[in-house]
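S.K.: this one's structure only:
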């Protein structure tokens, strides 16, 4: 097919697809005509699907998706403002996990939800590495601790400022303050040369973080782990990411051991109006 096809029997000629196209490559000559691509549209289209999603009659089928392939919006599942606030404030960083492993199909669903996160020009540059084996998580965590030991010798002031001396001492006593004895790690990675990879991975991991409680899961950003992936060759080698790729963020994932009953307060937002 061409860039898109329009069903003349169901198209309203309302111009919604024209207005909503992010790169403005759809035109409508008049209210009697059908929407058509502008010259060169095939090369400019980012395959975002806005034109398919906004059409009230499902008249437009795009080269990358049809209306039938798109999940319909269910008005009864949309959150109102109070529900959205409760949902976002309910989220906690989980640092105590049950030993029970999370089923792979549940983790796959979680990553699938996170994959709907936005990315510039819809390039979708995020790749995922799920470390499902608990022993492998432990081994990789040990490499992060090795990096900390190195820093305590090479740059002690910085390492102590980041409390790495306490983390290492705890590890030696059997306390994991790096990955919290979590059963699984989910790593978002992408091409180092791609200027959109870092922000896209961060946004996707945020989606994953927010979606996790709906599946009964807890998460926590693995900051020490991520830092070590950028600076410690033994960990980089152990991850064995594709050539040119780097870890852009990591998330601890598991079943929470406890349930929270209240939502802690936070500082009032600092807003400047102009």
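M.R.: That came through fine. Just so we're clear, the structure is a prediction, and the values are computed from it rather than from any experiment.
S.K.: got a list of what residue 138 touches?
M.R.: Not one residue lies near residue 138 by CB atoms under 8 Å, 6 or more residues apart in numbering. Where C-beta positions appear, they are placed from N, C-alpha and C, glycine not excepted.
S.K.: contacts made by stretch 119-134 with the rest, please.
M.R.: 46-48, 101, 104, 107, 111, 115, 117, 137, 140, 183-191, 194, 196-197, 199-201, 203-204, 239, 241-242, 245, 247-248.
S.K.: assign a three-state SS to residue 158, would you?
M.R.: helix (DSSP: H, G, I helix; E, B strand; the rest coil).
S.K.: whoops, residue 188 was the one
M.R.: strand.
S.K.: going forward, begin numbering at 375 instead of 1
M.R.: Taking 375 as the first residue, the last one we looked at is residue 562.
S.K.: can I assume it is in contact with residue 620?
M.R.: No - between residue 562 and residue 620 there is no contact under CB atoms under 8 Å: 10.3 Å.
S.K.: contacts only, for residue 425.
M.R.: 378, 391, 394-395, 400, 409, 434, 436.
S.K.: for residue 463, same thing?
M.R.: residue 637.
S.K.: wait, is it part of a helix?
M.R.: Yes - the assignment for residue 463 by three-state DSSP puts it in a helix.
S.K.: sorry, back to before: now the buried members of the contacts of stretch 493-508.
M.R.: 420, 422, 481, 485, 491, 511, 514, 557-565, 568, 570-571, 574-575, 577-578, 613, 615, 619, 621-622 (16 or more other CB atoms under 10 Å).
S.K.: inside helices: which ones of the residues you listed?
M.R.: 481, 485, 511, 514, 571, 574-575, 577-578, 613 (DSSP state H).
S.K.: low-confidence ranges in this structure?
M.R.: Applying pLDDT under 70 to the chain flags residues 375.
S.K.: and the helices in it, which stretches?
M.R.: So, for the chain - with DSSP H - the helices run 390-394, 415-418, 424-428, 455-464, 478-488, 508-528, 530-535, 538-546, 571-585, 597-605, 607-613.
S.K.: what are the buried residues along the first one?
M.R.: So that's helix 390-394. For helix 390-394, the neighbour count (16+ other CB under 10 Å) marks 390-392 as buried.
S.K.: next one: it to chain centre, how far?
M.R.: When distances are taken as CA atoms, centre = their mean, to the nearest Å, helix 390-394 is centred 28 Å away from the chain's centroid.
S.K.: now the buried residues of helix 390-394 as TSV including distance to residue 440?
M.R.: Output for those, formatted as TSV (distance: CB to CB, whole Å):
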residue	distance to residue 440
390	17
391	14
392	19
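S.K.: and the residues you listed, which is closest to residue 529?
M.R.: Distance to residue 529 across the buried residues of helix 390-394 (CB to CB) is lowest for residue 391, with 55.8 Å.
S.K.: against residue 413, how distant is that closest one?
M.R.: 17 Å (CB to CB, to the nearest Å).
S.K.: do you know which of the helices of the chain lies nearest residue 635?
M.R.: It's helix 455-464; of the helices of the chain, that one is closest to residue 635 (CB to CB) at 10.8 Å.
S.K.: what's the angle from that closest one to helix 571-585?
M.R.: If you take axes from the mean of the first three to the mean of the last three CA atoms, to 10 degrees, helix 455-464 sits at 100 degrees to helix 571-585.
S.K.: which of the contacts of residue 425 are buried? Put it as a PyMOL command.
M.R.: Filtering those down to the buried ones (16+ other CB under 10 Å) takes a single PyMOL command:
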select buried, resi 378+391+395+400+409+434+436
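S.K.: ok, the contacts of residue 425 vs residue 633, which is closest?
M.R.: Nearest to residue 633, judged by CB to CB, of those is residue 394 at 41.4 Å.
S.K.: ok, that closest one - contacts?
M.R.: Going by CB under 8 Å, 6+ apart, residue 394 touches 424-425, 428.
S.K.: any chance of those in CSV, with distance to residue 520 too?
M.R.: Output for the contacts of residue 394, formatted as CSV (distance: CB to CB, whole Å):
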residue, distance to residue 520
424, 47
425, 51
428, 52
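S.K.: ok, the nearest residue to residue 416 once chain neighbours are set aside to residue 387 distance?
M.R.: Excluding the flanking residues, the one nearest residue 416 by CB to CB, 6 or more residues apart in numbering is residue 377, at 5.1 Å. Distance of residue 377 to residue 387, computed by CB to CB: 18 Å.
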